[in-house]
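# 3D model of this:
(chains A and B)
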Protein chains: 2
Amino acid sequence: MAVYTEVSDRSLEAFLLRYDIGSLLSFKGIAEGVENSNYLLRTEQANFILTLYEKRVNEKDLPFFIGLLDHLNKKGISCPVACRQNNGSALGVLAKRPAAIFTFLDGVSVTKAHVRHCGEVGRALADLHLAGLDFEMKRDNALGLSSWRGLFDLSKSRAHTVQHSLTNDIERTLQDLEQNWPCDLPKGIIHADLFRDNVFFLKEDLSGIIDFYFACYDALSYDLAICLNAWCFEPDYSFNITKAKALLREYQAVRPLTEQEKQALPLLARGASLRFLLTRLYDWLEVPENALVTPHDPIEYWKKMLFHESVESAVEYGL
Amino acid sequence: MAVYTEVSDRSLEAFLLRYDIGSLLSFKGIAEGVENSNYLLRTEQANFILTLYEKRVNEKDLPFFIGLLDHLNKKGISCPVACRQNNGSALGVLAKRPAAIFTFLDGVSVTKAHVRHCGEVGRALADLHLAGLDFEMKRDNALGLSSWRGLFDLSKSRAHTVQHSLTNDIERTLQDLEQNWPCDLPKGIIHADLFRDNVFFLKEDLSGIIDFYFACYDALSYDLAICLNAWCFEPDYSFNITKAKALLREYQAVRPLTEQEKQALPLLARGASLRFLLTRLYDWLEVPENALVTPHDPIEYWKKMLFHESVESAVEYGL
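Next up, the predicted model:
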C-alpha cells in the first residue's frame, strides 16, 4: 500500500500536455506497489496507471524496466507498457520525481491461489522467460546471493528478538548456499517478485503481470523457486504439492527444465526463502513507528526455508 | 487516505452476483475518503466505487445517506448514486461490513482553488440546498453547536500543548456562540463537509460532489460558512475576498440570502471554524502512533476562527 506523493491538478495537466492520450477525466491515488506512488488516470481515451518513482527505485534502472516492458509486450506478454511523450520519451518529471504513464491492465489479484491459478502462473513465467531471452539490456540482481551476507549483517545483532534460533538458522543456510550455489544454470531475465499481488486474473485465466521493478538477469530456475514459495504454501505454511505439480508442469510445457536445474531446485528454493527472509527481517526491524506500510512478517519465510531444508530432491516438489 | 479492509476476490465475486452491473474487470483500493474504505471497481459495463463502511459511520444513518443521494440525483445534482441489488436493496454486506456500490463520477479535485472554482462551488452549493428542500428524511447534525462543549472537554486539558492560548481562545468563542447562536435561520439539507477533496472539476467546470457522510439537517447558511473557510483562505491563512465574492455571488444567483442570514454570517463562520478546530484537535491529540492517516493540523482552523472574530459584518466577506 502506497501513495507517497501529492500531485497537484495543475502540474498533472501540464504533464499530460506532453502526451497524446486525450484529456483528463479522473485521477485517484491507488493502494498498489510499495516502492512507488501509483495513480489511476482516466482520460477520454482510456484508463492508465501513472507511476511516480520514489527513492527506493534507482533512477538509472528506469530505462531497463521500461525497455523490458516494451520488449516483453512486443513478444506477446501481457504487461504494462509506458506511453511515449510527444518527444518520444517514456520518462518525464512530475512533482519532482521521475514519472511515467503506463497502459492499464484489466484483472484482479487472487487472495487465495487455487491449483488452476498456480498452473497459469507456471505457464506465464515460462512464457516470460522465453520472451526475455533476446532482450539486450542487462541488470544485475541487486538482491542475489552476493548481497545476502551484507543484508544479514545489518540485522544479525537483533535477529534473535524476532525468533530465538533465527541467527543460527540464517548463518547455517547462508554458509551452505555460499559454498554450494550453482553458478552455471541457464540465465535470462527473471521477474524476481512474482507474488500474488503482481499477477492479475480474469475469471480463472491469467490476464497480466505487473511490477517488474525487481526484474534482473539471473538464473531462470531461481525465479521458479521464488514462485514455488509465493504460490504453493498454504496459510499454515504447509506445502501443497498439488499446486507445485501444476505450476511445474505448466512451466515445463513451455520451457522444460534441464537435469541440472531440477537437481538445484531445493537449493534454489532455500535461497529464494532466505532472500525474502532477509529483506523482511531488515524491514521488520527498521520500520519507523509512524510507517504507512506494515512490514511483512519475516517468520513466514523462515518457516519456508526450514521446509526446503528438509527436502532431499525436487521429486518432493512434485517434479 | 484510507483503505482499511482487505476484500478477497472470492467474496467480491459473490457480492457482485447480487448486482446486474456486468462481470468484474478490475478492483483497486483508492486513497479517497477517511471514514470508509473505497475501491475502484471496473466491470464490463462501467466504472464504479465500492464503499465499505467502517465503524466511524453509524450504520443507522446509511439509509439517509443513500436516500439523499438518490433524491439529489433525481433533482439534477451530480453526485454518486447507489446501485440496486437484484432484490432492490442498495446496501449489502462484504468483508463483514455494510457495503454499497456507487456510480463513478468523472472529475479531478483541485489542489489550489481559483476564483472561478469558488464561484462554481457557490452555485453548486445553492443548487444542492434547493434540491434538498423537499427531501423527507431528517438527520441531526451530530457535530453541531450542541456537540462542541462535549468535544472540547475531551481535549481541554491538553489543548495548550498544541498552542498555548488555545484553551482560552476556544472557551471564549464557545461561550459567545452558545449565547448568540441564531436558531431561526432557514434550514434544510446541508453537505457540511464541502472541502476541496469532495468537489470534482472537469476543465474549469464543477462536475460533481462526493462524500455526503456528514450531510444533515441544519442551517443552510452554516454550510456556506463552512465553504468560505474551505475555499477562500490562502495557504498563509489570509482571506481572499475576491474568492469569497465569487462564491457568495454565485450562491445568491441561485438562492438569495435573507437579511438575517447575512447578518449571521460572521458568527456562523466562527462556528464553522470552531467545529473543524475541535474535531482536528481531538484527532491530533488522539491519533495512534501507527496511524495510517496523518491528522490535519488544528492550527489552521484556530487561525481562521481568529480571523472571523475580527470581522464586524458580512461586508468584509465581500457580500
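# how about the CA coordinates for the host helix or strand of A:A246, as PDB?
Per DSSP states H and E, A:A246 falls inside helix A:241-254. Extracted as PDB, the C-alpha positions of helix A:241-254 are listed here (Å, rounded to 0.1, in the frame of the first residue of the first chain):
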ATOM      1  CA  ILE A 241       2.400 -30.500  -3.700                       C
ATOM      2  CA  THR A 242      -0.700 -30.500  -6.000                       C
ATOM      3  CA  LYS A 243      -0.200 -26.700  -6.600                       C
ATOM      4  CA  ALA A 244       3.500 -27.200  -7.100                       C
ATOM      5  CA  LYS A 245       2.900 -30.000  -9.600                       C
ATOM      6  CA  ALA A 246       0.500 -27.800 -11.600                       C
ATOM      7  CA  LEU A 247       3.000 -24.900 -11.500                       C
ATOM      8  CA  LEU A 248       6.000 -27.000 -12.600                       C
ATOM      9  CA  ARG A 249       4.000 -29.000 -15.200                       C
ATOM     10  CA  GLU A 250       2.700 -25.900 -16.900                       C
ATOM     11  CA  TYR A 251       6.200 -24.200 -16.700                       C
ATOM     12  CA  GLN A 252       7.800 -27.300 -18.300                       C
ATOM     13  CA  ALA A 253       5.100 -27.500 -21.000                       C
ATOM     14  CA  VAL A 254       6.600 -24.200 -22.300                       C
END
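# Please work out the average pLDDT along it.
Throughout helix A:241-254, pLDDT has a mean value of 98.
# Show me the contact partners of it.
Helix A:241-254 is contacted from outside by A:113-116, A:118-123, A:125-127, A:130, A:224, A:227-228, A:231-232, A:257, A:316-319, using CB atoms under 8 Å, 6 or more residues apart in numbering or on different chains. Yep, even glycine has a C-beta here, placed from its N, CA and C like the rest.
# ditto for stretch A:175-194
Against stretch A:175-194 from outside (CB under 8 Å, 6+ apart): A:68, A:121, A:125, A:128-129, A:132-133, A:135, A:141, A:143, A:145, A:148-149, A:198, A:209, A:211-223, A:226-227, A:230, A:258, A:260-261, A:264, A:267-268, A:270-271, A:274.
# With adjacent residues omitted, what lies nearest to the closest residue to chain B within the stretch 51-200 of chain A?
Using CB to the nearest CB, the point where the stretch 51-200 of chain A gets nearest to chain B is A:T111, with a distance of 3.7 Å. Spatial nearest neighbour of A:T111, excluding adjacent residues (CB to CB, 6 or more residues apart in numbering or on different chains): B:S8 at 3.7 Å.
# follow-up on the earlier one: which of the contacts of helix A:241-254 fall within helices?
Using DSSP state H, the subset of those located in helices is A:115-116, A:118-123, A:125-127, A:130, A:224, A:227-228, A:231.
# burial of A:K96, as a residue count?
9 (other CB atoms under 10 Å in any protein chain shown).
# shouldn't A:T43 be in contact with A:E13?
No: in this structure A:T43 lies outside contact range of A:E13 using CB atoms under 8 Å: 11.3 Å.
# in chain A, which residue is closest to the centre?
Of all residues in chain A, the one closest to the mean position by CA atoms, centre = their mean is A:D193, 1.8 Å from it.
# Which helix or which strand is home to that residue?
Per DSSP H and E: A:D193 is located in neither a helix nor a strand.
# For the helix ranked longest in chain A, what is the distance to the chain centroid?
Across chain A, the longest stretch assigned as helix under DSSP H is helix A:259-286. Distance of helix A:259-286 from the chain centroid (CA atoms, centre = their mean, to the nearest Å) equals 13 Å.
# Stretch A:85-93 too?
On CA atoms, centre = their mean, the centre of stretch A:85-93 falls 25 Å from the chain's centre.
# Stretch A:245-252 too?
With CA atoms, centre = their mean, you get 19 Å for stretch A:245-252.
# A:L277 - how many residues pack around it?
Neighbour tally, A:L277, other CB under 10 Å: 27.
# Just the element for the residue nearest to it when sequence neighbours are not counted, please.
Spatially, and ignoring its direct neighbours in sequence, A:L277 is nearest to A:Y301 (3.8 Å; CB to CB, 6+ apart). Taking DSSP H and E as the definition, A:Y301 sits inside helix A:299-309.
# now swap in A:F27 and tell me
Assigned by DSSP H and E, A:F27 belongs to strand A:24-30.
# Show me how far the helix or strand that that strand is followed by is from its chain's centre.
Sequence-wise, the next helix or strand downstream of strand A:24-30 (DSSP H and E) is strand A:36-43. On the basis of CA atoms, centre = their mean, strand A:36-43 is displaced by 20 Å from the centre of the chain it belongs to.
# And whichever helix or strand comes after strand A:36-43, what does it pack against?
Using DSSP H and E, the helix or strand that follows strand A:36-43 towards the C-terminus is strand A:47-53. Counting contacts by 3 or more CB pairs under 8 Å, 6 or more residues apart in numbering or on different chains; DSSP states H and E, strand A:47-53 packs against strand A:36-43, strand A:97-103.
# Dump the ones you listed into TSV; add mean pLDDT, mean neighbour count and distance to B:N73 as well.
Output for the helices and strands packed on strand A:47-53, formatted as TSV (pLDDT from 0 to 100; neighbours: other CB atoms under 10 Å in any protein chain shown; distance: least, CB to CB, whole Å):
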stretch	mean pLDDT	mean neighbour count	distance to B:N73
strand A:36-43	94	22	21
strand A:97-103	97	21	32
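# Could you list the domains of chain A?
A:9-103, A:115-317 (automatic domain parsing).
# how far does the first one stretch from start to finish?
From its first residue to its last, domain A:9-103 covers 20 Å (CA to CA, to the nearest Å).
# try the last one
Separation of the first and last residues of domain A:115-317 by CA to CA is 14 Å.
# Check what pLDDT A:E289 gets.
pLDDT, read off for A:E289, is 58.
# same deal with A:V3?
57.
# Helices of the stretch 51-200 of chain A, residue ranges please.
A:62-74, A:115-132, A:145-155, A:166-180 (DSSP state H, counting those that start in this stretch).
# taking those together, which one is wrapped up most tightly?
helix A:115-132 (a mean of 22; mean count of other CB atoms under 10 Å in any protein chain shown).
# tilt between that one and helix A:241-254?
Interaxial angle of helix A:115-132 relative to helix A:241-254 (axes from the mean of the first three to the mean of the last three CA atoms, to 10 degrees): 30 degrees.
# who in the stretch 101-250 of chain A is up against chain B?
A:F104, A:D106, A:G107, A:V108, A:S109, A:V110, A:T111, A:K112, A:F200, A:F201, A:L202, A:K203 (CB under 8 Å from any CB of the partner chain).
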